[in-house]
Each structure stands twice: as C-alpha cells, then as structure tokens.
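*Asks:* Below are the sequence and a predicted model; questions follow.
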Amino acid sequence: MEAENVYTQDGTVDLYGRPVLASKTGRWKACSFLLGYEAFERMAFYGIASNLVNYLTTRLHEDTILSLRLEM
C-alpha cells in the first residue's frame, strides 16, 4: 500500500487533529452504530405510539379503532 493511501482522503481527523487511518474507520464499526440507532428509534416509535393510544382511550374516551386511525 502506498503511503498516501494509508489515510482517508476526505480530510477527516481524530480528536487530536491527526489524519485518520483508513483501515481503522467505517465498515463494521459504523454498521453496528447504524443498526443500534435504528433499533432504538423503532423502540421509541412504538413506545410513543402505545402511549398515544393509551391516552386517547383512557383520557379522551375515544374508541380503540378511532385512536389507532388517529395515530397513523
């Protein structure tokens, strides 16, 4: 591998301002963060959706079918 291809070519730097090695960035490490983010985002969506249905049926006394239709 040539010396200029060891580092990323997009100008990224680490916390200390040094150029980042291309072999230490992205790939499966970045993929795990994306998959984790998507999993937590889905859990938050369904948690909020169930809370909304619960609120509409108990506090506002809406029908369950109507509250599900309002949610979407």
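*Replies:* Structure received.

*Asks:* Return the residues in contact with the spatially most central residue of the chain.
*Replies:* Of all residues in the chain, the one closest to the mean position by C-alpha atoms, centre = their mean is residue 37, 2.8 Å from it. Counting by C-beta atoms under 8 Å, 6 or more residues apart in numbering, residue 37 touches no other residue. Where C-beta positions appear, they are placed from N, C-alpha and C, glycine not excepted.

*Asks:* now the helices for this structure?
*Replies:* 27-58, 64-71 (DSSP state H).

*Asks:* ok, of those helices, where does mean pLDDT dip lowest?
*Replies:* Mean pLDDT is lowest for helix 64-71 among the helices of the chain, at a mean of 70.

*Asks:* okay if I get the helices of the chain as JSON lines plus distance to residue 8?
*Replies:* Below are those laid out as JSON lines (distance: least, C-beta to C-beta, whole Å):
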{"stretch": "helix 27-58", "distance to residue 8": "12"}
{"stretch": "helix 64-71", "distance to residue 8": "44"}
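
*Asks:* nearest to residue 12, of those helices?
*Replies:* For residue 12, the closest of the helices of the chain is helix 27-58, at 12.3 Å, according to C-beta to C-beta.

*Asks:* Any buried residues in that closest one, and which?
*Replies:* 53, 56 (16 or more other C-beta atoms under 10 Å).

*Asks:* next one: that helix to chain centre, how far?
*Replies:* 9 Å (C-alpha atoms, centre = their mean, to the nearest Å).

*Asks:* So that it lines up with my notes, have the first residue be 12 from now on.
*Replies:* All set: I'll call the first residue 12, so the last point we hit is now helix 38-69.
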